[in-house]
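> What would the 3D arrangement of this be:
(chains A and B)
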Amino acid sequence: MRKSVVLTLTLALLLGLSASGAAAQEKPRYGGVLNWYVYADPGRLDIHAESPLSVQQALAGVYSSLLHYDPDDPTKITGDLAERWTVSPDGKAYTFHLRKGVKWHDGQPFSAADVKATFDRVLNPNFQSPRCGSMLKPLVASVEMLDPHTVQFQLKFPAAPFVSSVASAWCRVAAKHILEKYGDLTRPEAQIGTGPFKFKRYERDSVIEWEKNKDYFIPGLPYLDGVKQFVLKGVPTQVAAAKAGRIVLWDTWPPMKKTEADEVKRARGEEVEIYQSPLNTIMLVYMHTQKPPFNNPDLRKAVNLAIDRQELVAKTLEGAGVPCAMLDPKLVGDFALPLEEVNKLPGCRQPKDQDIAEAKRLVEKHYPNGVDVEAAVRSVGGYIDRAQLVLAQLRKIGIRGTLKTYESAAGFAVYGKGDFIFIAIQDRAMVTGDPSDVFGLIYTTGSGSNWGRWSDPKVDELADRGLKEQNREKRRQIYHELQRHLLTQDTTAVSVGWIEGWFFRDKRVRNYKVSPTIYDHNTFMKVWLAQ
Amino acid sequence: MRKYVARRLLLFIPTLLGASILIFVLMRLVPGDIAEILVYQTGTESSAVQQKQIQQIREELGLNRPVVVQYLAWLGSAVRGDFGYSYTQRRPVTDILKERFPRSMELAFLTIVVAIIWAIPLGVISAVRQNSWADYLGVLILYGLVRFFRWMPPLEFVSFLDNPVENLKQLIWPTLAQAYYISAPITRLTRSQMLEVIRHDYVRTARAKGLAEQAVVYRHALGNSLLPVVTFIGWWGGRLLGGIVIMEIIFSVPGMGTALVQAVSYRDYPTVQAIIFVMALVFLTINLLVDLLYGWLDPRIRYA
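Numbering: from 1, shown residues only, chains lettered A, B, ... in the order given. The predicted model follows:
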């Protein structure tokens, strides 16, 4: 796991955060308010029950977790509310020893009862918990309080992704007395955490403000007096705020385009650092495997051969991405199949002539005059541009697509219900840095984003083994086999590649570290502002 | 006059009913309801769990009931001033309206005032001094302001009552942008009306009897040119509400527009219904005011 994450951030750290080495030797400065932005209004603030990044961002510094990605070195997972943890020899029992003397923001003492109340809530089968719950429900059998400072998780089987799931920023620990008082964590007044910042103010559609928690359990932290997030919904407004220096950080969704990054660089010059970084998000083309023409494996295979991933990444992402890969080596290290091997596989190899000829033959075999399909796409971000390029590529093999656009949220409903034949392009973001994420999310039978209703017993079997395998090397081999299988099969979802984006950081922002997922680096626990 | 106003007010009822039915039907014709949207957008849980969750939310919100029953239930509560509960914001819709309505109205009011202050004199000047540089002055000044004014308005909304200066520092930009947009047609209309009126015999008579040019233009010609302009402004008042949605997003103003966009995309039916209802009410009120203004501007209408 650690090794997998080591490579995760190498590029981002090298490219963008070169100042952090120098910053490590500087004496941190106390004070100042860090201003940045959130792309949408979070609306409902229950971190266990909601899923948008905007909710995570609104609350990241307010709560603590049992474990977290180390703020000094996000390639490691370390204790947060847990001082240390032990694993039973059979790998099925995890015991967490909690910090003593921790207080909630309202002054109440923190104890193991809060941890049990939190995870009992998240694991309740009747409670909708799309992030933390969906990760832990398949893995955890029960949570027991051994004494006021010790909790034990009993797993259903020795599960490799358990630690990274518990460390996810979606699995924050909430106060038992607050849950009892309000029933849920939706309201602003229910945001009582143990984190470095207190939830100070929430002006809907305008601003979210945190203030320093002077009783934070790590003495001397945080350095900042507060954090302010402006709700900026339009890209022109976001870029204008960056150019005018109203925000000092852009490390959230959506990333900037290269042209926007250049604009910010021109306006702010040497004051800012521009960097390219992975988003832990995969770009896919979906086919419905139970509806014609893609219920025919030959047609799915043809699409897999015809899609030019390199062209799509080069033209629509301005080259910011890793084409073809089923797992990104920058994110999961050697769990990913080496790119040299991936780029030689049919469908991925260049030049495309041979694959296009074969794809054309497969389509002509069943549809001598070609075939018309309706191609669904969500009309947000750059999806329509990307979709048009996909359709242009498929026209070469006799698949004539017509775009049908859906507004953002409604599009997901259409996909979820399976009311489509072909999805011309769609991204999916991962929640942890674990290699199992992408398979459990998209490819296993009945998984939440297996929109094309695909089922392959071999995929299910390998994904299950990957989840349970404790030996790292054996686990690596399982995932390699799974990737080879998926990259050469007539699957429901063609992996176009892993997306990267452009971000900026004002050079006054120090000790800011990028973590393996976009959800996990926003607590600002150790971040400080230079003068 | 009172009878006229009362009759017009009574006409509000069928219009508002029609608008509410229309939006109710339209919202249910577009794909996806709030339950599907909330559950499917994550796509992280198994499809069996997703189905269960969708049913849970639908039951909680009463979306499983027949549409007519849902509408009548909504209407029953709405006439008592209860617009229901927003599932996306987790608070009563009336709270959202109380918070957002004054902000959007402030923006709309400022826009109309700025547009009128700017456009009508400009129209008059460009008619009186036809074919001169003044024709293009307004466009040039506004273009220059937008193009060269490098200052970024505040990103955080402050109420006018708390701090008028900060409030206007943020709202002046969407106001100018909108006012600029609507002032062009108002200017043109004022100009063409003035050009027509200024050639009438009674204007020549006014000049002939030795009245000052200012009195001729503003007292005699302008008043008679304004009727179509007032009609136009009334009609634009409605369109303005649509434009404000965009302005609020661009300039980060947390008004009704931003709330409406979010509510529509999440199919938050009660919030959409309430905001549209209020917008329709505002539109009808503007039109009524315009009609009353006719009477004031033109005595022939008042006494008819």
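> hang on, A:Trp36 is in a helix, isn't it?
No. Counting by DSSP: H, G, I helix; E, B strand; the rest coil, A:Trp36 is not found in a helix; it is strand.
> Next, count neighbours for it.
Here the number of neighbours of A:Trp36 (other C-beta atoms under 10 Å in any protein chain shown) works out to 24. The way it works is simple: take the backbone N, C-alpha and C, and place the C-beta from them, glycine included.
> and if you look at B:Arg7?
By other C-beta under 10 Å, 9 other residues sit near B:Arg7.
> again, but for the one 4 residues further on
B:Leu11 is flanked by 12 other residues according to other C-beta under 10 Å.
> Could you do the one 10 residues further on as well?
The number of residues packed near B:Ile21 is 12, by other C-beta under 10 Å.
> Hmm, B:Val68 and it touching each other?
No. Using C-beta atoms under 8 Å as the test, B:Ile21 is too far from B:Val68 to be in contact (10.4 Å).
> For the closest residue in space to A:Pro125 that isn't next to it in sequence, which residues are in contact?
Sequence neighbours aside, A:Lys137 is the residue nearest to A:Pro125 in space, at 7.3 Å (criterion: C-beta to C-beta, 6 or more residues apart in numbering or on different chains). By C-beta atoms under 8 Å, 6 or more residues apart in numbering or on different chains, the contact set of A:Lys137 is A:123, A:125, A:129.
> Same question for A:Glu144.
Remark: with contacts taken as C-beta under 8 Å, 6+ apart, A:Glu144 is in contact with A:116, A:151-152, A:154.
> could you point out the longest helix in the chain?
Went with chain A since none was named. Counting by DSSP state H, the longest helix found in chain A is helix A:472-488.
> That was the other one, I meant chain B.
The helix spanning the most residues in chain B, taking DSSP H as the definition, is helix B:93-128.
> pLDDT averaged over that one, what's the number?
Across helix B:93-128, pLDDT averages out at 83.
> just to revisit the earlier point, buried ones among the contacts of A:Lys137?
With neighbours counted by 16 or more other C-beta atoms under 10 Å in any protein chain shown, the contacts of A:Lys137 contain buried members at A:123, A:129.
> Can you flag which of the contacts of A:Lys137 belong to strands?
Mapping the contacts of A:Lys137 onto strands (DSSP state E) picks out no residues; all lie outside.
> From the contacts of A:Lys137, pick the one nearest A:His48.
When the contacts of A:Lys137 are compared for distance to A:His48 (C-beta to C-beta), A:Ser129 wins out at 5.2 Å.
> quick one, phi/psi of that closest one?
Taking degrees, to the nearest 10, you get phi -130, psi 90 for the backbone angles of A:Ser129.
> Any idea how many residues pack against A:Leu45?
Applying the criterion other C-beta under 10 Å, we find 23 residues in the vicinity of A:Leu45.
> One more: the one 5 residues further on?
A:Glu50 has 24 neighbours, counted by other C-beta under 10 Å.
> Would you confirm that it contacts A:Ala40?
No. When contacts are counted by C-beta under 8 Å, A:Glu50 is not listed as touching A:Ala40 (11.7 Å).
> how far away is the residue nearest to A:Pro125 from A:Glu144?
A:Lys137 sits at a distance of 17 Å from A:Glu144 (criterion: C-beta to C-beta, to the nearest Å).
> again, but for A:Arg386
48 Å.
> Please apply the same query to A:Val231.
A:Val231 sits 41 Å away from A:Glu144, going by C-beta to C-beta.
> now do A:Ala320
Going from A:Ala320 to A:Glu144 by C-beta to C-beta gives 46 Å.
> Over to B:Gly210?
Using C-beta to C-beta, which is the criterion applied here, B:Gly210 is 102 Å from A:Glu144.
> Whichever strand or helix holds B:Gln170 versus helix B:93-128: what angle between them?
Secondary structure here is read from DSSP states H and E; on that basis B:Gln170 sits in helix B:164-197. Our comparison of helix B:164-197 with helix B:93-128, counting by axes from the mean of the first three to the mean of the last three C-alpha atoms, to 10 degrees, yields an angle of 40 degrees.
> What is the subsequent helix or strand relative to helix B:164-197?
Per DSSP H and E, the first helix or strand lying C-terminal to helix B:164-197 is helix B:201-208.
> CA atoms of the helix or strand hosting A:Pro278 as PDB?
A:Pro278 is part of strand A:272-287 when elements are defined by DSSP H and E. Once non-C-alpha atoms are left out, strand A:272-287 reads as follows in PDB (Å, rounded to 0.1, in the frame of the first residue of the first chain):
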ATOM      1  CA  VAL A 272       2.300  31.500  -8.100                       C
ATOM      2  CA  GLU A 273       3.400  28.000  -8.900                       C
ATOM      3  CA  ILE A 274       1.500  26.200 -11.600                       C
ATOM      4  CA  TYR A 275       1.600  22.400 -11.500                       C
ATOM      5  CA  GLN A 276       0.100  19.400 -13.300                       C
ATOM      6  CA  SER A 277      -1.300  16.600 -11.000                       C
ATOM      7  CA  PRO A 278      -3.300  13.400 -11.300                       C
ATOM      8  CA  LEU A 279      -7.000  13.600 -10.200                       C
ATOM      9  CA  ASN A 280      -7.400   9.900  -9.500                       C
ATOM     10  CA  THR A 281     -10.100   9.900 -12.100                       C
ATOM     11  CA  ILE A 282     -10.600   7.500 -15.000                       C
ATOM     12  CA  MET A 283     -12.100   8.500 -18.400                       C
ATOM     13  CA  LEU A 284     -14.400   5.800 -19.900                       C
ATOM     14  CA  VAL A 285     -16.600   5.000 -22.800                       C
ATOM     15  CA  TYR A 286     -19.600   2.800 -21.800                       C
ATOM     16  CA  MET A 287     -21.700   0.400 -23.800                       C
END
